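**Q** task: produce atomic coordinates for the following.
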Amino acid sequence: MPNPKRRHSKARRDKRRAHDALPPPALSDCPNCREAKQPHRVCPHCGHYKGRQTINA
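**A** Predicted coordinates for the structure are as follows:
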């Protein structure tokens, strides 16, 4: 089995990992309270989802 003769530098390693970061979560406005929330989830501020009160916030 071939083995590397020299170790790769930290810069070369980090260049390879440059695209591994997670993207920020997508946000949309709650139609009830206009606060930012994730799509298809209950609003953490007012507790509404699809026009209905689902949790008491």
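**Q** now the helices for this structure?
**A** Using DSSP state H, the helices assigned to the chain run over residues 10-16.
**Q** quick one, strands of the chain?
**A** Counting by DSSP state E, the segments of the chain that form strands are 28-29, 36-37, 48-49, 52-53.
**Q** quick one: which of those strands is nearest residue 6?
**A** strand 36-37 (48.5 Å; CB to CB). C-beta coordinates here come from the backbone N, C-alpha and C atoms, glycine included.
**Q** residues contacting that closest one, please?
**A** For strand 36-37, the surrounding residues in contact (CB atoms under 8 Å, 6 or more residues apart in numbering) are 27-30, 43-45.
**Q** next: stretch 39-57.
**A** 26-28, 30-33, 35, 37.
**Q** let's see if you can find the most crowded of the residues you listed.
**A** residue 37 (21 neighbours; other CB atoms under 10 Å).
**Q** what pairs with that residue across the strands?
**A** Counting by DSSP bridges, residue 37 is bridged to residue 28.
**Q** confidence score at it?
**A** Looking at residue 37, its pLDDT stands at 96.
**Q** just residue 57 next, same as before
**A** With respect to pLDDT, residue 57 scores 67.
**Q** for residue 17, same thing?
**A** 95.
**Q** burial measure for it, as a count.
**A** 8.
**Q** next: the one 3 residues further on.
**A** Look at residue 20: counted by other CB under 10 Å, it has 7 neighbours.
**Q** now the nearest residue to residue 27 once chain neighbours are set aside: how far from residue 28?
**A** Nearest residue to residue 27, sequence neighbours excluded (CB to CB, 6 or more residues apart in numbering): residue 36, at 4.5 Å. Using CB to CB, to the nearest Å, residue 36 is found at 7 Å from residue 28.
**Q** residue 19 now?
**A** Distance from residue 19 to residue 28, by CB to CB: 26 Å.
**Q** give the partner strands of the helix or strand bottoming out on mean pLDDT in the chain in its sheet and their orientations.
**A** Lowest on mean pLDDT, DSSP states H and E among the helices and strands of the chain sits strand 52-53, with a mean of 90. Paired with strand 52-53 in the same sheet, following DSSP bridges, are strand 48-49 (antiparallel).
**Q** kind regards, and thank you for your time.
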